[in-house]
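*Asks:* Here is my input; please provide its structure:
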Amino acid sequence: MKPGAFFNISVSCIVLFSFPAYGADLDNSSLNELRPETLLQNMTDYMNSLEQFTFHSNATEDQMLASGQKLQFARTMKISIRRPNRFRADVRGDLENQQLFYDGETITLLDTDHNFYGTIQAPDTINVALDHALKSFALRAPLADLIRSDSFDLLTQHVTSSSYIGLHHVDGVRCHHLAFRQDDIDWQMWIEDGARPLLRKMIITQKHVTGAPQFTVVLSDWNLAAKLSDGLFIFTVPKNAKKIEFLPMENTRYFKH
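*Replies:* Presented below is the predicted three-dimensional model:
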């Protein structure tokens, strides 16, 4: 897993199951027995059981200058998902303002600052479509590792150790605070305690990069009862928008005017 931005084009980018409610009845000995992998698996299984939902996120990402100075840039996102084959992301940030539409047949990325867009044909499920966009055109959807049906495997495939830190709060919501280590990054997750094990916060630290830059995202406003129409995921060309062409990975550039 790597710190996600939006797409490489412009910048660096759930039937309801029953799960145990890790809540107020747990004593300290029970908390110490909780395995981070089990809590993470509960979260990813729960998210995979949601058929359609929306949430907001606020993210910050550090960037290191050649001088050694660290800068931080922010962006907000609204993510809308309707399984198995609808996805939309609306992004506003310091470095990019973009919209992504996946309608089950095509993926379109719109740069709202410059009013240009690109469209590629895509397979008919979210997982396969995201794989196709990344491997063929180097396009990465925001928070892609969290919305895939195989997210648990992707998140843990390079983990070397994990720790349960405790019950902490994110925006007033009590969460299980987990910490994981990999060779190149350390990452933390705060997963909501109780019957809805939703991700509330994540931090990724690039520990071998000078200055240890971090990517931090806080997720809120989860709507698990959303009714998302087809029209939400269909891209309509804005007035005077210019179409660009995405180039395959083997080319030296990813798009051209």
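
*Asks:* CA only for contacts and neighbour counts going forward, please
*Replies:* Fine.

*Asks:* nearest residue to H169 other than its sequence neighbours?
*Replies:* Counting by C-alpha to C-alpha, 6 or more residues apart in numbering, H169 lies nearest to C175, which is 5.6 Å off, once chain neighbours are set aside.

*Asks:* brain fart, S163
*Replies:* Once flanking residues are discounted, S163 sits nearest to A179: 5.1 Å by C-alpha to C-alpha, 6+ apart.

*Asks:* Quickly find the element holding the one you found.
*Replies:* Assignment of secondary structure by DSSP states H and E places A179 within strand 173-181.

*Asks:* what about stretch 75-88, distance to the chain center?
*Replies:* Average the C-alpha atoms of stretch 75-88, do the same for its chain, and the two points are 10 Å apart (C-alpha atoms, centre = their mean, to the nearest Å).

*Asks:* what does stretch 43-52 give?
*Replies:* Using C-alpha atoms, centre = their mean, the mean C-alpha position of stretch 43-52 is found 14 Å from that of the whole chain.

*Asks:* and what of stretch 182-199?
*Replies:* Computed by C-alpha atoms, centre = their mean, the separation of stretch 182-199 from the middle of its chain amounts to 12 Å.

*Asks:* what's the answer for stretch 175-190, then?
*Replies:* Remark: stretch 175-190 is offset 15 Å from the chain centroid, using C-alpha atoms, centre = their mean.

*Asks:* Residues contacting that stretch, please?
*Replies:* Outside stretch 175-190, the residues that touch it by C-alpha atoms under 8 Å, 6 or more residues apart in numbering are 36, 158-170, 191-193, 199-208.

*Asks:* just the buried members of the residues you listed?
*Replies:* 36, 159, 162-164, 167, 169-170, 191-193, 199-207 (16 or more other C-alpha atoms under 10 Å).

*Asks:* Leaving out sequence neighbours, find the closest residue to A133.
*Replies:* Nearest non-adjacent residue to A133, counting by C-alpha to C-alpha, 6+ apart: L139, 5.1 Å away.
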